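Engineer: Predicted model and sequence below, questions to follow.
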Amino acid sequence: MKQRVVVKIGSQVLCDAAGALNREVMSSLAGQVGGLAEQGHQLLLVSSGAVAAGSGVAGSRLDRIADPVARKQVLAATGQVRLMESYRALFEQQGLTVAQVLTSKSDFQTRRHYLNMRGCIEALLTAGIVPIVNENDVVAITELMFTDNDELAGLLAGMVNADLLVLLSTVPGVFDGDPDDPATQCIETWDEAVHQVEDIVQRGTSALGRGGMHSKLAIALKTAKLGTEVVIADGSDPDVLVKVVSAQSTGTRFPAQGEASSAKRWLASADSHATGWVTVNAGAEAALLDRSHLASLLPVGIEAVEGRFSSGDVIQIRNAAGKVLGCGRARYDHGEVRQLMGKRGQKPLVHYDYLYLVH
């Protein structure tokens, strides 16, 4: 079966111990992508490495820049050129053309920007061109930065309705305990009935990179729930992509659960930067979380409104304790919601089709 695959390649996979680009690893990945493309698979890469590559370009000229943020921007701006040139040359040897796509979190905030970017990536994939996506570190500001490229890869997997998301790491996968313990094993298939994220973290699993394990697991579970299978695997394995796409046993696999609509996939990408929020009462909370039937959010169940938002904006939905239940696309603006909250017989503030629940 031909698949659409998003592959995230982190800096630790791409760079050697000195921080320079590891052309041997990059060449291996290009060869694997080339082979899979010949079989009819569509691949989209999310690649780190621009800042690391920039360190070999800017050199001593960085000493002239005191501001650490500006230094990182210079590294990203100069390094992105070297990174893409390396990819271009290696993929050209495979008979493939690559395209650079730089993005920021703001591109996921509005439905219009989201659809524009999706249209561009879809066109590239249709043309047989390999999109290589990275965060635009040159212009990104703290409040509009992705947590990491794992998050970006998860969002893109939802955007393009990918069959498979591959998070390449420097380790074989997720371990069920301390990697230094001989009894510890790599989890082949994640089962939520058996495995709990916090238990894995507390048992000292440092194997996904210091500080990065919790993020990888969270992205993997969220993406799988939206209908895309996820695999965390070792990027240094010369056949890792071939093994993952052909469903051979490698890394830790997170099976896809159900299938979300395009609108819900967008909402899942927008839940962290909503323009406002509403607090719902216990009755509305119970109705929304009742999986036995589909429920929209009605004004009668709203107790409070915060923020300034317009019709069509994404808003968060919270319970009385402040817990985020999900998010949705608002039918009314903030002023109209304040006038209608608590009233019966009104059209939904958030229709079920534009409602994304966190759990």
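Structural biologist: Thanks, I have it.

Engineer: okay, CA-based contacts and neighbour counts for the rest of this
Structural biologist: OK.

Engineer: can I assume Val69 sits in a helix?
Structural biologist: Yes - using DSSP: H, G, I helix; E, B strand; the rest coil, the assignment for Val69 is a helix.

Engineer: quick one: it from Gln248, how far?
Structural biologist: 43 Å (Cα to Cα, to the nearest Å).

Engineer: same deal with Asp237?
Structural biologist: Asp237 is 13 Å from Gln248, by Cα to Cα.

Engineer: Let me see the ranges of the strands in the stretch 51-200 of the chain.
Structural biologist: Assigned by DSSP state E, counting those that start in this stretch, the stretch 51-200 of the chain shows strands spanning 98-103, 130-135, 164-169.

Engineer: from these, which stretch is densest packed?
Structural biologist: strand 164-169 (a mean of 28; mean count of other Cα atoms under 10 Å).

Engineer: ok now that strand, how far from the chain's centre?
Structural biologist: 11 Å (Cα atoms, centre = their mean, to the nearest Å).

Engineer: From the rest of the structure, what touches it?
Structural biologist: Residues outside strand 164-169 that contact it (Cα atoms under 8 Å, 6 or more residues apart in numbering) are 3-10, 12-13, 150, 153-154, 157, 208-209, 216, 228-235, 244-245.

Engineer: redo that, cut-off 6 Å
Structural biologist: 5-9, 228-235 (Cα atoms under 6 Å, 6 or more residues apart in numbering).

Engineer: what's the distance between the most centrally placed residue in the chain and Leu45?
Structural biologist: Most central in the chain under Cα atoms, centre = their mean is Gly154, positioned 2.2 Å from the mean C-alpha point. Distance, Gly154 to Leu45, by Cα to Cα: 12 Å.

Engineer: Domain ranges for the chain, per the record?
Structural biologist: For the chain, automatic domain parsing gives the domain ranges 4-261, 274-357.

Engineer: Least confident of these, on average?
Structural biologist: Per-segment mean pLDDT for these reaches its minimum on domain 4-261, at a mean of 85.

Engineer: returning to that earlier point: ok, of the contacts of strand 164-169, which one's closest to Glu24?
Structural biologist: Gly235 (11.7 Å; Cα to Cα).

Engineer: Excluding chain neighbours, give the residue nearest to that closest one in space.
Structural biologist: Leu168 (4.7 Å; Cα to Cα, 6 or more residues apart in numbering).

Engineer: mind listing the strands for the stretch 201-350 of the chain?
Structural biologist: Counting by DSSP E, counting those that start in this stretch, the strands of the stretch 201-350 of the chain are 229-234, 252-254, 276-280, 302-307, 314-318, 324-329.

Engineer: Same list as before, those that is, but in TSV and with distance to Gln100 and mean neighbour count included.
Structural biologist: Output for these, formatted as TSV (distance: least, Cα to Cα, whole Å; neighbours: other Cα atoms under 10 Å):
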stretch	distance to Gln100	mean neighbour count
strand 229-234	24	26
strand 252-254	29	24
strand 276-280	33	24
strand 302-307	36	17
strand 314-318	29	26
strand 324-329	31	24
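
Engineer: Any idea which of the ones you listed gets closest to Asn134?
Structural biologist: strand 229-234 (19.1 Å).

Engineer: Tell me the gap between that closest one and the middle of its chain.
Structural biologist: For strand 229-234, the distance to the chain centre is 13 Å (Cα atoms, centre = their mean).

Engineer: ok, and what's touching that strand?
Structural biologist: By Cα under 6 Å, 6+ apart, strand 229-234 touches 164-173, 220, 251-256.

Engineer: and the closest residue to Met341 other than its chain neighbours, what does it touch?
Structural biologist: Closest residue to Met341 apart from its sequence neighbours, by Cα to Cα, 6+ apart: Pro299 at 4.5 Å. With contacts defined as Cα under 6 Å, 6+ apart, Pro299 is in contact with Leu340, Met341, Gly342.
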